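[1] Just a sequence and a predicted model for now, questions to come.
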Amino acid sequence: MGFQIMPDMFTLSPSYSTLARWATEQTWSMVFAGCGLIRMAALTINGTFKGFAFSPHIRAVASVVGAAIWSQVSLGFLLAAVTGEGALSGVIGWSTMVLLEIMNTYRSWWDVGKNAARR
């Protein structure tokens with residue numbers, strides 16, 4: 001969303017230099033929107049269909065997708081910081097998102113095991 005509102009964000013901050021080399025702001029915006037839609041669908045399925053046996057599996061897949069995307073963003077910020085172009089604070093912020101997604105993945109698979117034990 002931020003890239004759509006401010007389409008020159010990559011030129012304003014050197015922390016985005018590596019991400020800018022990998023893809024355009026529009027492409028990153030679509031990737032983030034896709035991740036958000038996957039997450040929204042997973043949470044909608046999870047909250048709407050009680051007793052749907054594959055709900056935790058869908059949540060786990062959404063978390064893995066999120067972790068993959070946020071890890072690439074975090075890597076981009078890290079590479080920019082290492083080369084002296086960007087700030088380390090972006091690495092810390094985006095890495096936190098990766099850790100949260102990993103925790104979500106673990107919790108989803110824990111729910112899979114818990115639900116399998118009940119059957």
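    Perfect, thanks for sending it.

[2] For residue 107, give its distance to residue 66.
    From residue 107 across to residue 66, the span is 13 Å (CB to CB, to the nearest Å). All C-beta spots, glycine's among them, are computed from the backbone N, C-alpha and C.

[3] Comparing the two, which residue is more hemmed in?
    Taking neighbours as other CB atoms under 10 Å, residue 107 and residue 66 compare with residue 66 leading, 22 against 14.

[4] Name the SS class of that one, please.
    Three-state call for residue 66 (DSSP: H, G, I helix; E, B strand; the rest coil): helix.

[5] can you tell me how far it sits from residue 32?
    Distance from residue 66 to residue 32, by CB to CB: 10 Å.

[6] Next: residue 41.
    Distance of residue 41 to residue 32, computed by CB to CB: 15 Å.

[7] got it, and residue 85?
    To residue 32, residue 85 is 22 Å away according to CB to CB.

[8] and residue 83, how many residues sit next to it?
    With neighbours defined by other CB under 10 Å, the count for residue 83 comes to 11.

[9] contacting residues around it?
    17, 18 (CB atoms under 8 Å, 6 or more residues apart in numbering).

[10] For residue 67, which non-adjacent residue is spatially closest?
    With sequence-adjacent residues excluded and distances taken as CB to CB, 6 or more residues apart in numbering, residue 67 is closest to residue 101, at 3.7 Å.

[11] Secondary structure element for that neighbour, which one?
    Under the criterion of DSSP states H and E, residue 101 resides in helix 88-118.
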